[in-house]
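Q: structure of the sequence below:
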Amino acid sequence: MVKTVVGVTLLAVVLLFGLGWLIQGNNFFLYQVFAPKYEQIRRDTFEQSKAYNQGMIQELQNMQFEYVKATPDQQAALRSIILHRAADFDVSQPEVPPDLRRFIEGLRREKGVK
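A: Take a look at the predicted model:
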């Protein structure tokens, strides 16, 4: 009788650990599959937000102002930085001021970047 109770208890503990391991493994598999997709959706949503677009426009306008004040050597460095920051930003959006759009497109032409 005692051996049966100990055996059943031991079997229950092993089954519970096994079930926990199975559930944890399943969660890891699901995370591995779906986490990159969730993160990409979060990033796309962020990049389409009004706050991101206004912040990027403001930052690019500040860089434009610094570029205009800079010496030719400084302008070369700033050109590289500005083009790097604007690489993934759509300057053809209606929110982007026309002067900023022309400025970035001009820098891209100078650098040979489309």
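
Q: please name the nearest non-neighbouring residue to A86.
A: Take A86 and drop its neighbours on the chain: the residue closest to it by C-beta to C-beta, 6 or more residues apart in numbering is I104, 5.2 Å away. For the C-beta atoms, the positions are set from N, CA and C on the backbone; glycine is no exception.

Q: pLDDT at the one you found, what is it?
A: Predicted confidence (pLDDT) for I104: 93.

Q: right, and it touches S92 too?
A: No: assessed by C-beta atoms under 8 Å, I104 is found out of contact with S92, at 10.2 Å.

Q: follow-up on the earlier one: what strand or helix carries the residue nearest to A86?
A: helix 98-111 (DSSP states H and E).

Q: would you indicate which residues of that helix are buried?
A: 100, 103-104, 107-108 (16 or more other C-beta atoms under 10 Å).

Q: then stretch 81-101?
A: Quick answer for stretch 81-101 (16+ other C-beta under 10 Å): 82, 86, 89, 91, 96, 100.

Q: now, among these, which is nearest to L22?
A: F89 (45.4 Å; C-beta to C-beta).

Q: from A77, how far off is the nearest residue to the closest one once chain neighbours are set aside?
A: Of all residues not flanking F89 in the chain, M56 sits nearest, at 5.3 Å (C-beta to C-beta, 6+ apart). Counting by C-beta to C-beta, to the nearest Å, the gap from M56 to A77 is 20 Å.

Q: out of those two, which sits in the more crowded spot?
A: Neighbour count, other C-beta atoms under 10 Å: between M56 and A77, M56 has more, with 20 against 11.

Q: just the pLDDT for the more buried one.
A: 92.

Q: helix/strand/coil for Q93?
A: coil (DSSP: H, G, I helix; E, B strand; the rest coil).

Q: phi, psi of it?
A: phi -60, psi 150 (degrees, to the nearest 10).

Q: mind listing what it touches?
A: N53 (C-beta atoms under 8 Å, 6 or more residues apart in numbering).

Q: could you rerun that using 6 Å?
A: Contacts for Q93 were tallied using C-beta atoms under 6 Å, 6 or more residues apart in numbering; there are none.
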